[in-house]
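Participant: give me a model of this one.
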Amino acid sequence: MEAAEFKRAVMALSKEKGIDEDTIYDAMELALTSAYKKNYHSLSNVRVDINRDTGDIKIYSYRTVVFSKDYEKEDGVTEKEIILDEDGNEIEVPKEFVYDERIHITLDEARKIVPDIKIGETIEKEVTPKDFGRVAAATAKQVVIQKIREAERTLINEEFADKQDEMITGLVAMEDVRNYYIDLGRTQGILPKSEIIPGETIKMGSSIKVYITKVENNSKGPLILLSRKHYGFVKRLFELEIPEINEGIILIYSVAREAGVRTKIAVYSENPNVDPVGACIGQNGSRINRIIDELNGEKIDVIPYEEDAAKFIENALSPAKDLHIFVTDEKKKEALAIVNKDNLSLAIGKKGLNVRLASRLTHFKIDVETIEQARERGISIVE
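Facilitator: Numbering: from 1, shown residues only. Next comes the predicted model:
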C-alpha cells in the first residue's frame, strides 16, 4: 500500500467510525511492530514510526546505551537488589546484568556514532524491509480491527455513561423471542418484551421512546437495558410534554405505576399562582392526552401533593371521595382511610390497585375501612 493511499484510508476510516486519527495510527504502529517481529524473526527492540503527514511507514531497531559489556552504570558499579538467603535473611547482592548486543550498545561504541550520547539513551537504525508493506498489511489487519473496536467501545461508553435513568428515542431494528433491539445510533439497546407496555404493538423500523434502566460496561461493549414499563418512563414523558416541569416551575414529588393500567403522579408548585394539576392536564386535556397516547391508553391520575400527610393521602386515593384519613403511626408511615360503602370499591380499586398505587405514591401503608368497621373499633365518624 502506497503512503498516500494509506493516509487516505486512515482519514476515511476516521470519518466513518468517528475515531480520532491518532488512535488509528497508534493502533497501526502497535500492529506493525508485532507484524515485523513475527515475519522477520526479530528479537531486537523495534519501533515503528508512521508519519502522520505523509503516511510513510518506517521501522527502527534501537539499542540502549550501557557503560560497558559488564556494567550498566558509568561508575562501574552494578545495581543492587535484595534477596533472601537460605535462612530467610535479607542480603544485598549485585543485580544481574547480561549484555545482549541486539538490545545493548556500549558507551564507547555509541559515541562513535553519536558523540554526545549518554547512558540510558537509545541509538536507532532503520531496518524497514522492502516488501514490508505487503506482509505487514496482511498480518496487522486483525490487530487493527480489534483496536478500532476498542476505540469504538470507548466512545460508546463515554456517550452512554451518564444516560441511565434517562429517556431516549431509537429505531426498532431487530426482534427475537425475548427482546426487541433498539438502534440508538452508535450501538443497540435491549428492550425485553417483558418491559413493553401490555397490549402495545411494536413495529419493525418504527421510532420508539424508551427509558434506560441500566448501562453496564463489559468486554463486548456497553449493555444498555431499556424499558417502557418503568415508572421513570412516565416521569420523563411529563418532563418532555409539560414545559413548566422542564423549567422547574412545577415539580414532581413521586410516581406510582401499574404499566398498561394506571399511573398516579403527584405534582406541586412553589408558585401559588400556578395550578400544577391544571398545567399538566392542559386545555381540554391536550397535554395529558399526548402522554396517554404514548402509554397506549394507560389511565393517569394527576394528584396535587400536600405537605399534610392526611390531605396528601386523601388526594392519592382519588377517585374515591368523602374520606376520613388518620395517620396512625408517623414514624412507621401507617395510615387509616375510612370511607362510606359507596366509595369503598373506588378507594380500594380493582384487585386493590387504587390503594396500592396510593401507598406507593405517598410512601404510607394505607388500610381502608368502612365507617361501620371503624365504629366497631371505637372510632367515631360524623357523616
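Participant: alpha carbons only for contacts and neighbour counts from here, please
Facilitator: Noted.
Participant: residue 238 and residue 357, how far apart?
Facilitator: To residue 357, residue 238 is 18 Å away according to Cα to Cα, to the nearest Å.
Participant: residue 205: what's it in contact with?
Facilitator: Contact partners of residue 205, counting by Cα atoms under 8 Å, 6 or more residues apart in numbering, are 171-173.
Participant: got a list of contacts for stretch 46-57?
Facilitator: Against stretch 46-57 from outside (Cα under 8 Å, 6+ apart): 3-4, 6-7, 25, 29-30, 32-33, 37, 58-62.
Participant: most neighbours out of those, which is it?
Facilitator: Highest neighbour count within the contacts of stretch 46-57, by other Cα atoms under 10 Å: residue 32, with 31 neighbours.
Participant: by neighbour count, which of the contacts of residue 205 wins?
Facilitator: residue 172 (21 neighbours).
Participant: who does that one bridge with?
Facilitator: residue 182 (DSSP bridges).
Participant: pretty sure residue 235 sits against residue 255.
Facilitator: Yes: using Cα atoms under 8 Å, residue 235 is in contact with residue 255, at 7.0 Å.
Participant: per the record, what domains does the protein have?
Facilitator: Structurally, the chain divides into domains by automatic domain parsing as follows: 3-73+99-158, 161-227, 307-383.
Participant: element containing residue 165, please.
Facilitator: Using DSSP states H and E, residue 165 sits within no helix or strand.
Participant: same question for residue 152.
Facilitator: helix 132-160.
Participant: so what touches the host helix or strand of residue 256?
Facilitator: Using DSSP H and E, residue 256 sits in strand 251-258. For strand 251-258, the external contacting residues (Cα under 8 Å, 6+ apart) are 230-232, 234-235, 245, 263-269, 305, 357-358, 360-362.
Participant: next helix or strand past it?
Facilitator: strand 262-268.
Participant: so what strands line up beside that next one?
Facilitator: Applying DSSP bridges, you get strand 251-258 (antiparallel), strand 299-304 (parallel) as the partners of strand 262-268.
Participant: on that earlier part again, taking the contacts of stretch 46-57 together, which two end up most distant?
Facilitator: For these, the farthest-apart pair by Cα to Cα is 4 and 62; their separation is 26.8 Å.
Participant: least confident pick among the contacts of stretch 46-57?
Facilitator: Of all those, residue 3 has the smallest pLDDT value, namely 71.
Participant: need the contact list for that one.
Facilitator: 54-57.
Participant: dump those to JSON lines, plus pLDDT and secondary structure.
Facilitator: JSON lines is the format used below for the contacts of residue 3 (pLDDT from 0 to 100; DSSP: H, G, I helix; E, B strand; the rest coil):
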{"residue": "54", "pLDDT": "84", "secondary structure": "coil"}
{"residue": "55", "pLDDT": "80", "secondary structure": "coil"}
{"residue": "56", "pLDDT": "83", "secondary structure": "coil"}
{"residue": "57", "pLDDT": "85", "secondary structure": "strand"}
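Participant: just the closest of the residues you listed to residue 187, please.
Facilitator: Distances from residue 187 to these, taken as Cα to Cα, are shortest for residue 55 (30.8 Å).
Participant: from residue 49, how far off is the closest one?
Facilitator: 10 Å.
Participant: next one: residue 328
Facilitator: Counting by Cα to Cα, the gap from residue 328 to residue 49 is 77 Å.
Participant: give me the neighbour count for residue 22.
Facilitator: 12.
Participant: just confirm it is within a strand.
Facilitator: No: according to DSSP: H, G, I helix; E, B strand; the rest coil, residue 22 belongs to no strand; its state is helix.
Participant: which ones are touching it?
Facilitator: Counting by Cα under 8 Å, 6+ apart, residue 22 makes contact with nothing.
Participant: ok, residue 293 to residue 197 distance?
Facilitator: From residue 293 to residue 197 the distance is 12 Å (Cα to Cα).
Participant: ugh, wrong one, residue 289
Facilitator: 17 Å.
Participant: now do residue 65
Facilitator: Taking Cα to Cα, one finds residue 65 at 70 Å from residue 197.
Participant: now residue 339
Facilitator: For residue 339, the distance to residue 197 - Cα to Cα - is 33 Å.
Participant: so which of those two has more stuff around it?
Facilitator: residue 339 (26 against 22).
Participant: what would the contacts of residue 205 look like in TSV with distance to residue 118 and pLDDT?
Facilitator: Output for these, formatted as TSV (distance: Cα to Cα, whole Å; pLDDT from 0 to 100):
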residue	distance to residue 118	pLDDT
171	61	96
172	63	96
173	61	95
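Participant: now this structure, which segments are flagged as low pLDDT?
Facilitator: Along the chain, the model assigns pLDDT under 70 to residues 1-2, 71-88, 91-96, 135-144, 219, 378, 380-383.
Participant: give me the residue at the spatial middle of it.
Facilitator: Nearest to the mean C-alpha position of the chain, counting by Cα atoms, centre = their mean, stands residue 161 at 3.2 Å.
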